[in-house]
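1. Have a look; sequence and predicted model below, questions after that.
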Amino acid sequence: MRIVITEPAWESFDQAVGFLQAQWSDKVIDRIVARIWESIGLLAVHPHGGQVEEDLAYLSKGHRRTVVGHFEIIYYVEGDVVYVTDIFDSRQDPGKMKG
């Protein structure tokens, strides 16, 4: 499986990391980021391992989520591609979730 990270996912991820930089050390942030990328890498092997994301069911793409600490990785599978559509700190408003 190939993994594609969408532009909105990159934007959400950048915003979340920027928020963390005001609170935590670079070392802690580096560990969190490494765990996020490790989890994204595992999606290539286990693309249907995440929990179904009911809040995005209206899009009819079969969105799923996987959780890494306070971060959620939102994705869907189409053919042999895993599309990551959002990477965000789950402490934020879930209404901002991007599908």
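-> In hand now; what should we look at? Residues are numbered from 1 along each chain as shown.
2. which element is the most centrally placed residue in the chain on?
-> Compute the mean C-alpha point of the chain, and by C-alpha atoms, centre = their mean the closest residue is residue 73, 1.8 Å away. Residue 73 belongs to strand 71-78 when assigned by DSSP states H and E.
3. same question for the next helix or strand after that strand, mean pLDDT?
-> Note on strand 71-78: by DSSP H and E, the next helix or strand toward the C-terminus is strand 81-89. For strand 81-89, the mean pLDDT works out to 96.
4. Measure how strand 81-89 sits relative to strand 71-78, angle-wise.
-> 160 degrees (axes from the mean of the first three to the mean of the last three C-alpha atoms, to 10 degrees).
5. buried sites along strand 81-89?
-> 82, 83, 84, 85, 86, 87, 88, 89 (16 or more other C-beta atoms under 10 Å). For every residue, glycine as well, the C-beta is placed using N, CA and C.
6. Stretch 48-61 now?
-> Neighbour count says stretch 48-61 has 50, 53, 56, 61 buried, by 16+ other C-beta under 10 Å.
7. what's the closest of the residues you listed to residue 30?
-> residue 50 (23.9 Å; C-beta to C-beta).
8. From the chain's centroid, how far away is the least confident helix or strand in the chain by mean pLDDT?
-> The least trusted helix or strand in the chain, going by mean pLDDT, DSSP states H and E, turns out to be helix 7-21, with a mean of 92. From the chain centre to the centre of helix 7-21 is a distance of 10 Å (C-alpha atoms, centre = their mean, to the nearest Å).
9. by contact count, what packs against the helix or strand just after it?
-> Later in the chain than helix 7-21, the nearest helix or strand by DSSP H and E is helix 26-43. Under the contact criterion of 3 or more C-beta pairs under 8 Å, 6 or more residues apart in numbering; DSSP states H and E, helix 26-43 touches strand 2-5, helix 7-21, strand 64-68, strand 71-78, strand 81-89.
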